[in-house]
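Engineer: using only what follows, build the 3D model:
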Amino acid sequence: MSITLSPTPLPHLCSHAAHSALHPPMAILRRLNLNLNPTLNLRHSRRRFATVAAAVRQDTTVWTQAPLSNVRPAAESLFHVTIDVSDSPDLASSHTCAGQYLQLRLPDDAKPSFLAIASPPSFAAARGEFEFLVKSVAGSTAELLCGLNKGDVVELSQVMGRGFDVDRISPPEDYATVLIFATGSGISPIRSLIESGISANKRSDVRLYYGARNLQRMAYQDRFKDWESSGVKIVPVLSQPDDSWMGERGYVQAAFARAKKIFSPVSTGAVLCGQKQMTEEVTSILVADGVLSEKILKNF
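Structural biologist: This next block holds a predicted model:
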């Protein structure tokens, strides 16, 4: 004898739940953020791909560990930082042009700082070191860096940037005037430029307008004599000097506007590094006086 079992009907509530699972109402779809528009889905996919691609690009940064050789005050809130890269010849040799920079981070801090290399490219080849002028900013990686000691290890990225393209103001015989402008720690890559050789002794007029709040905040004063002996006239500009200061006062762009003395705009080049307002205003003054914009060099 065979027995046929009839299926037991599901309760109405369960049947409704099963139907709802197969065919969810649009309100639920909206809450789940399920987009049925293929065009929007494609856009969403592209955004996700771009995000992933950016993360992949970020992950390609090669970090090299290197010890500090020296950390010492350079001026108020500014520090000389020297890093030994003698065990990383590929990194050392990648510094080829004044104005280049790199990223630096501490091993226990993933947030890097961008730092312009202050030493000339030949310095790394000769001594196996990079030098930096670092402004200590509260709460930043730079502040932590300035608090480290000799032998402490940091991590450096590869050298980045095109630097100052001095070929655009060469040969020196054709660009007799080179006007250089820097404010604050922006003097760092300018030092690299001057000491790597801008052929100042082959030009008739090379001036450096260097702005700081006061002399206590002006780094590299011990190098001024050497820079001037190479053919660079130093024009310090102080925005808040004491009463004994007899030099230029105010901002760099104002001091230059007062002096100008551009004898031949077509044979004039310029190099700028520092505060955005300064670089924009100086650029406007130079262009208005006939200096070609492609002869105004920046390191970014």
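Engineer: all strands of the stretch 1-150 of the chain, in order?
Structural biologist: Listed in chain order, the strands of the stretch 1-150 of the chain (DSSP state E, counting those that start in this stretch) span 64-75, 78-84, 101-105, 113-116, 129-135.
Engineer: who are the packing partners of the fourth one?
Structural biologist: With contacts defined as 3 or more Cβ pairs under 8 Å, 6 or more residues apart in numbering; DSSP states H and E, strand 113-116 has these neighbours: strand 101-105, strand 129-135, helix 141-146, helix 187-197. All C-beta atoms are positioned from the backbone trio N, CA, C, and that covers glycine.
Engineer: just to revisit the earlier point, out of the strands of the stretch 1-150 of the chain, which gets nearest to residue 152?
Structural biologist: For the strands of the stretch 1-150 of the chain, proximity to residue 152 was assessed by Cβ to Cβ; strand 64-75 is nearest, at 5.1 Å.
Engineer: who does the closest one pair up with?
Structural biologist: Here strand 64-75 is paired, per DSSP bridges, with strand 78-84 (antiparallel), strand 153-156 (antiparallel).
Engineer: okay, angle between the helix or strand just after the last one and helix 187-197 too, please.
Structural biologist: In this case it means strand 153-156. As assigned by DSSP states H and E, the chain's next helix or strand after strand 153-156 is strand 177-183. In terms of direction (axes from the mean of the first three to the mean of the last three Cα atoms, to 10 degrees), strand 177-183 departs from helix 187-197 by 150 degrees.
Engineer: strand 177-183 packs against which elements?
Structural biologist: helix 187-197, strand 205-212, helix 252-259, strand 268-273, helix 276-288.
Engineer: show me the one of those that comes nearest residue 134.
Structural biologist: It's helix 187-197; of the helices and strands packed on strand 177-183, that one is closest to residue 134 (Cβ to Cβ) at 8.3 Å.
Engineer: for residue 135, find the nearest of the helices and strands packed on strand 177-183.
Structural biologist: Closest among these, once you apply Cβ to Cβ, is helix 187-197, at 9.2 Å.
Engineer: quick one: average confidence on the closest one?
Structural biologist: Averaged across helix 187-197, pLDDT comes to 96.
Engineer: ok, back up a step: as TSV, the helices and strands packed on strand 177-183 with mean neighbour count would be great.
Structural biologist: Listed next are the helices and strands packed on strand 177-183 as TSV, based on neighbours: other Cβ atoms under 10 Å:
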stretch	mean neighbour count
helix 187-197	24
strand 205-212	24
helix 252-259	18
strand 268-273	25
helix 276-288	16
